[in-house]
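J.: Structure of the sequence below:
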Amino acid sequence: MQRPTGVTILAVLAFIAGVFLVVAALLSLLGGALVSTLGSSHMGLIAGLGAAVVAIFFLLLAVLEVVIGVGLLKLRNWARIVTIVLVGLSLLGSVGSIFSPFAHMHVFLLIFLIRRLAFAAIDVWILWYLFQPHVKQAFGTTGF
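T.: From the prediction side, this is the model:
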C-alpha cells in the first residue's frame, strides 16, 4: 500500500524537529561555554556541566525524532505507536498548562494560552489522523 501523505508530513516534521534539537544542543553548549568564562571558576564549571547535560538530552531527543521519522517513512507500526504516545503526552502537557492557575495571571500570557490551544488542537488532529482506518491499514494493523 502507498504511504498516506499525512504520514509523510509527520515524518518530515520529525526530521525538522531533529534538526532543531541539534541546533538547540549546539546553542546550549555555546551558551554554557560562554557563561563558564564569566564569573567565578566554580560557578562556571557548574554552568558548563549543566549546559552539557542539557545538550546531551537534546541530542538524545534528536536521535529519537530521526528514528521515528525513518520508521514513519518505512510504515513501521512501532513508529506510529511511539508517535501516538509522544503526541498524547504533548496533549496532556498542553491541557495541563491551559488549566494552570498561573496561566491567566497577566495579559501577555493570553498569547501563550492561544499558542497552547493551537498546539492542543494540532495534537488532537494528529491523534485522530493516526487512528484513521486507512492510516492503520497502511501500517499493516487493524488494532491499536
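J.: got the contact list for the nearest residue to residue 95 once chain neighbours are set aside?
T.: In space, and not counting its chain neighbours, residue 95 is closest to residue 120: 6.1 Å by Cβ to Cβ, 6 or more residues apart in numbering. All C-beta spots, glycine's among them, are computed from the backbone N, C-alpha and C. With contact set as Cβ atoms under 8 Å, 6 or more residues apart in numbering, residue 120 has these partners: 91, 94-95, 98.
J.: Now intersect those residues with the helices, please.
T.: 91, 94-95, 98 (DSSP state H).
J.: Let me know the closest of these to residue 44.
T.: residue 94 (36.2 Å; Cβ to Cβ).
J.: Verify the contact between the closest one and residue 122 for me.
T.: No. If you go by Cβ atoms under 8 Å, residue 94 and residue 122 don't touch, sitting 9.2 Å apart.
J.: Which one's more surrounded, the two?
T.: Using other Cβ atoms under 10 Å as the criterion, residue 94 and residue 122 rank with residue 94 on top: 20 against 14.
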